[in-house]
Each structure stands twice: as C-alpha cells, then as structure tokens.
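[1] what shape does this take:
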Amino acid sequence: MKMTGGSWAAATGLALMMAACGASDTDAGRTATPIKRAPLPQNEFIPVKIEATIDALVAEINKSSIEPMQIAVLLKSLNGFFAPIATGANRAMGELGVSGRATGNVLGSTDTSPDQEQSTELQSQQIEQMVAEGAEGIAITPFGEGNAAALDEAASKGIPVVTLDTDLVDSSRAIYVGILSASAGATAAKTLLKLLPEGPGTVLIHGWADPVWLDGVKRTQGAREVFEKAGYDVLVHQSIYDDEARDVEVMRGEIADADPPVVGLIGMFNDSYRCVLAADAAGAPELPVVTFDFAPQTAGYMREGRIKATHVQRQYYEGYLGPYIVYGIKSIGLDTTRKILAPQLVGGSQFDLGVDVVPWDKVDAYNDFLDEIGAEQ
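    Next comes the predicted model:
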C-alpha cells in the first residue's frame with residue numbers, strides 16, 4: 001500500500017493480514033467463522049458496561065452472513081497518546097480478519113512536525129488515497145475540521161466513517177467514539193469536589209479558554225459549572241503548554257492573589273501535573289490536586305500522594321470499537337448498530353467512553369492494567 005508524502009506507516013500487529021485473512025467476493029452470502037474476541041484479564045478497571053455493549057454488537061454481527069470489507073484505520077500517530085488506539089484497532093482488525101470479514105491496515109503519521117495545517121492536508125490526501133484504493137469503511141482520528149470535506153466525499157460514496165478521539169460534528173461521519181468533553185470535565189470536577197473544604201473558596205482550573213480548541217473549552221467549562229453550582233469561585237488559568245516555567249509562574253501568582261483563597265486545583269490535560277509545581281511555588285503544598293491523563297510526571301506525583309486522582313481516557317477502546325462499528329454498519333445496518341450502542345450513545349451518534357477515575361493509591365495497579373491490555377502510554 002502506497003503511503004502519502006512518505007509520512008505514514010502501518011502499525012505492526014494483528015491488522016496486517018490482508019492476504020491471509022481476507023475473504024474473496026465469492027464468499028459473500030456464506031456464514032462466516034464466528035468472531036472470537038481476545039479475552040482481557042479480569043480487572044477492576046475493565047469498563048464492564050462498555051464490554052457488554054461490544055459483546056452485544058459482536059453477537060449481532062455473528063448472526064449475519066459474511067460481508068468481506070476493506071477497512072482503513074487512519075490515526076494521527078502510532079506513538080504516545082495514540083499508541084493504545086493503534087493497539088485496540090489492531091486487535092479488532094485481527095479478530096475481524098480471522099473470521100474472514102475484514103482486511104486492511106492501521107496507519108499513522110510518522111511526521112513529528114507540529115504544523116497542524118500540513119498534518120491536516122496530508123491526512124486528507126490519505127483519506128482520498130484509501131478511497132481510491134478500495135476502502136469500504138474508515139475509522140479515523142481526524143486532525144480537525146480541515147479533514148471534513150475529504151470525509152464527506154467518502155461518505156457520499158456510501159463509505160461509513162467513524163471518528164475517534166476528535167469529533168467532527170458538522171461532517172457526514174456516522175458515529176463518534178471517545179469522551180464527551182463537557183461530561184469528562186464534570187466527572188473530574190466531582191472527584192475534586194469531595195476533597196474540598198466548605199466554601200467560600202476559589203478553585204483554580206488549569207484549563208483552556210481559547211475557542212480555537214473547542215474540546216478544551218468544553219472540558220474546562222464542564223468542570224467550572226460543577227464548582228460554581230457548589231458555591232465556589234472559579235479561576236480558569238489558560239494553559240501555557242509550550243512554556244512550563246512560565247505556566248507555573250503565572251499560576252503561582254494567581255494562587256497568591258486569589259480572594260477568596262484557592263482551596264484546590266484541577267488540571268484538564270496531559271500537562272496538568274504542573275498544578276503541583278504551582279502549589280509548591282506558592283508555598284501551599286497542602287492544596288488538593290486532581291488531574292487528567294496519565295503522563296509519567298502525573299504518575300510520579302500520585303505515588304507521592306501529591307495528586308489525589310487522575311482521569312484517563314480509554315484510548316484502547318476508541319481503537320477497538322472503530323473497526324467493529326464500521327463493520328457493523330455494513331453488515332447489520334446503521335440503525336441496528338445504533339440500537340446496540342444505545343447504552344453509551346448520546347444524541348444518536350456520539351459513543352461516550354467516559355474516563356477511568358484512578359485514585360492516587362491505585363496508580364501502580366492501573367499501570368499494570370494498561371500493560372496487561374497493551375495500552376501503555
């Protein structure tokens with residue numbers, strides 16, 4: 001398979017079975033080998049309700065006749081935050097492939113350039129290329145609205161599109177899989193709320209206010225509303241993500257100047273461990289801190305008891321659900337697929353994965369869980 005611009009690579013693993021696992025057109029209408037899901041280890045962090053929904057989708061697909069399908073899974077990257085998505089997608093593609101139902105690859109950018117415009121353009125070219133090469137379904141972590149036209153063009157050809165991690169609500173995508181930002185922010189806020197003294201008091205949110213990133217704004221606003229409803233003042237600090245020293249210094253000043261005093265800090269993103277550094281710089285190490293994501297620094301501060309809990313996105317399940325939903329739309333139809341996904345489906349098209357709430361004293365147990373399912377970050 002040709003790669004656009006020399007900046008894409010295929011994830012190694014179960015998905016690379018195009019010749020070995022594909023079914024020929026003459027197989028159409030025959031009963032496929034039943035899909036057998038790879039068992040996951042029993043663990044307190046397994047999302048039981050999501051697993052039940054996936055089981056129901058697979059059971060319904062298994063009732064249908066074989067429908068060979070070429071699926072393209074296009075990720076922003078195969079590394080870092082996106083590595084667990086690649087793991088999940090590979091596993092699902094492998095299971096579909098062994099049953100004779102799907103062929104395809106999991107592809108991700110290898111370009112480390114932070115140029116958003118260039119990355120968006122390259123991904124749009126990749127979408128067009130996959131369609132030209134026969135893709136019948138696409139699961140994708142889009143770079144942004146700049147990819148919507150290419151996805152709309154694919155959808156206009158009858159190709160089901162499922163967005164992962166980043167939604168394009170105004171596009172023709174069929175279903176989105178990931179967190180709902182406002183809901184995730186509210187979940188994190190409720191975790192911190194249990195640790196706060198009675199008001200009055202100010203909560204500092206290490207968040208996002210610039211409308212250039214709407215998901216960041218929504219996550220921050222979801223948290224803000226919880227605290228304001230509970231009677232706390234809220235101070236939203238705009239993350240200075242590319243300058244940690246400046247970020248911490250500004251927060252230090254905000255803590256020092258707050259009236260009423262800051263009683264807790266919450267971070268919305270991968271760099272939210274900086275809340276600990278800011279509290280220390282302000283001479284207030286006793287302030288409770290709650291964070292998002294599972295950066296190494298975050299895990300380190302949790303082991304010290306400085307971060308009381310973090311909230312981790314379920315990237316593995318984003319990747320795992322993508323191919324299954326795409327195939328489900330083909331084999332049993334969009335309406336039936338939506339009915340099965342209904343326990344987690346919001347507004348008819350957004351599959352809310354929620355977040356794992358990880359308390360400080362279970363950081364190593366959670367890390368072991370990620371390792372067991374191959375979702376290390």
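
[2] could you chop this structure up by domain?
    Here the domain assignment for the chain is 4-179+314-364, 181-312, based on automatic domain parsing.

[3] distance from the first one to the middle of the chain?
    Going back to what we said before, that points to domain 4-179+314-364. Counting by C-alpha atoms, centre = their mean, to the nearest Å, domain 4-179+314-364 is centred 12 Å from the centre of its parent chain.

[4] what does stretch 183-195 give?
    Counting by C-alpha atoms, centre = their mean, stretch 183-195 is centred 18 Å from the centre of its parent chain.

[5] and it, what's buried?
    Buried residues in stretch 183-195, counted by 16 or more other C-beta atoms under 10 Å: 183-189, 191-193. To be clear about C-beta, it is placed using only N, CA and C from the backbone, and glycine gets the same treatment.

[6] let me have these in JSON lines, extended by secondary structure and distance to K330.
    Below are the buried residues of stretch 183-195 laid out as JSON lines (DSSP: H, G, I helix; E, B strand; the rest coil; distance: C-beta to C-beta, whole Å):
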{"residue": "S183", "secondary structure": "helix", "distance to K330": "29"}
{"residue": "A184", "secondary structure": "helix", "distance to K330": "30"}
{"residue": "G185", "secondary structure": "helix", "distance to K330": "35"}
{"residue": "A186", "secondary structure": "helix", "distance to K330": "35"}
{"residue": "T187", "secondary structure": "helix", "distance to K330": "33"}
{"residue": "A188", "secondary structure": "helix", "distance to K330": "36"}
{"residue": "A189", "secondary structure": "helix", "distance to K330": "39"}
{"residue": "T191", "secondary structure": "helix", "distance to K330": "39"}
{"residue": "L192", "secondary structure": "helix", "distance to K330": "43"}
{"residue": "L193", "secondary structure": "helix", "distance to K330": "44"}
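
[7] for this structure, what helix or strand is lowest in average pLDDT?
    When each helix and strand of the chain is scored by mean pLDDT, DSSP states H and E, helix 18-21 comes last, with a mean of 34.

[8] hmm, who's touching the helix or strand following that helix?
    Downstream of helix 18-21, the next assigned helix or strand under DSSP states H and E is helix 48-63. Contact with helix 48-63 is made by 32, 34-35, 37, 40, 101, 314, 317, 320-321, 324-325, 327-328, 331-332, 336-337, 340-341, 343-344, 353, as judged by C-beta atoms under 8 Å, 6 or more residues apart in numbering.

[9] please export the C-alpha coordinates of helix 48-63 as CSV.
    This file holds the C-alpha atoms of helix 48-63, laid out as CSV (Å, rounded to 0.1, in the frame of the first residue of the first chain):
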residue,chain,number,x,y,z
VAL,A,48,-18.0,-3.6,32.3
LYS,A,49,-20.9,-1.8,30.6
ILE,A,50,-18.8,-1.0,27.5
GLU,A,51,-17.6,-4.6,27.3
ALA,A,52,-21.3,-5.7,27.4
THR,A,53,-22.2,-3.4,24.6
ILE,A,54,-19.3,-4.7,22.5
ASP,A,55,-20.3,-8.3,23.2
ALA,A,56,-23.9,-7.4,22.0
LEU,A,57,-22.6,-5.9,18.8
VAL,A,58,-20.3,-8.8,18.0
ALA,A,59,-23.2,-11.3,18.7
GLU,A,60,-25.4,-9.5,16.3
ILE,A,61,-22.7,-9.3,13.6
ASN,A,62,-22.1,-13.1,14.1
LYS,A,63,-25.8,-13.7,13.1
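
[10] rewinding a little: which of the contacts of helix 48-63 count as buried?
    Applying 16+ other C-beta under 10 Å to these, the neighbour count classes 32, 35, 101, 314, 317, 320-321, 324-325, 327-328, 331-332, 336-337, 340-341, 344, 353 as buried.

[11] point out where the stretch 251-377 of the chain drops to low pLDDT.
    Along the stretch 251-377 of the chain, the model assigns pLDDT under 70 to residues 377.

[12] switch to 90 and redo it
    373-377 (pLDDT under 90).

[13] how close does V106 sit to I329?
    Per C-beta to C-beta, to the nearest Å, V106 is found 19 Å from I329.

[14] all helices of this protein, in order?
    18-21, 48-63, 83-98, 116-132, 148-156, 181-193, 214-229, 244-257, 274-281, 296-303, 315-332, 334-341, 363-372 (DSSP state H).

[15] how about these in JSON lines, adding distance to H206?
    JSON lines is the format used below for the helices of the chain (distance: least, C-beta to C-beta, whole Å):
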{"stretch": "helix 18-21", "distance to H206": "45"}
{"stretch": "helix 48-63", "distance to H206": "28"}
{"stretch": "helix 83-98", "distance to H206": "24"}
{"stretch": "helix 116-132", "distance to H206": "22"}
{"stretch": "helix 148-156", "distance to H206": "30"}
{"stretch": "helix 181-193", "distance to H206": "11"}
{"stretch": "helix 214-229", "distance to H206": "9"}
{"stretch": "helix 244-257", "distance to H206": "7"}
{"stretch": "helix 274-281", "distance to H206": "5"}
{"stretch": "helix 296-303", "distance to H206": "12"}
{"stretch": "helix 315-332", "distance to H206": "21"}
{"stretch": "helix 334-341", "distance to H206": "33"}
{"stretch": "helix 363-372", "distance to H206": "20"}
